[in-house]
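Undergrad: can't give you the sequence, but here's the structure:
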């Protein structure tokens, strides 16, 4: 007999992680799922506050990543392409090795997005690279 246990996660119960540049917040995030053999997925919520530091470059990593915009306005930069404005419920899939960054495109509300990595067990498996200026 097989027993299936659902996993419920409330971001309010998780620690907030932050990336800052020169003391200025770039992004806060909460890792919702990781180290779970059933999913093979690392998933979390990222929040870019109003007035957050705006790096001139993004980041990259070998793993593909998917963003689902939850709320706010994203100014999505992929490699050297012109930025694309994204709204709630829009999705972007970013191939591994692609430089990217989501900036807050609103002056009145934070940008919240769901990030998803598949085929890894832990957020620590994501090897971030930050080009000069990132």
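TA: Cool, the structure landed. Only a predicted model underlies this, so the values are computations on that prediction, with no experimental measurement involved.

Undergrad: So residue 116 sits against residue 63, correct?
TA: No. Contact criterion Cβ atoms under 8 Å: residue 116 and residue 63 do not qualify, at 10.2 Å. C-beta: built from backbone N, CA, C; applies to glycine.

Undergrad: what about the one residue sitting closest to the centre of the chain, helix or strand, and which?
TA: The structure's the chain has its C-alpha centroid closest to residue 115; by Cα atoms, centre = their mean the separation is 4.2 Å. Element membership of residue 115, judged by DSSP states H and E, is strand 111-118.

Undergrad: so how far is the longest strand along the chain off the chain centroid?
TA: Longest among the strand segments of the chain by residue count, using DSSP state E, is strand 24-33. Relative to the chain's own centre, strand 24-33 is displaced by 8 Å; criterion: Cα atoms, centre = their mean, to the nearest Å.

Undergrad: elements contacting the helix or strand following that strand?
TA: Using DSSP H and E, the helix or strand that directly follows strand 24-33 along the chain is strand 41-48. With contacts taken as 3 or more Cβ pairs under 8 Å, 6 or more residues apart in numbering; DSSP states H and E, strand 41-48 sits against strand 24-33, strand 100-104, strand 111-118.

Undergrad: Can you add mean pLDDT and distance to residue 8 and give these back as a markdown table?
TA: Output for the helices and strands packed on strand 41-48, formatted as a markdown table (pLDDT from 0 to 100; distance: least, Cβ to Cβ, whole Å):
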| stretch | mean pLDDT | distance to residue 8 |
| --- | --- | --- |
| strand 24-33 | 91 | 10 |
| strand 100-104 | 97 | 27 |
| strand 111-118 | 96 | 16 |
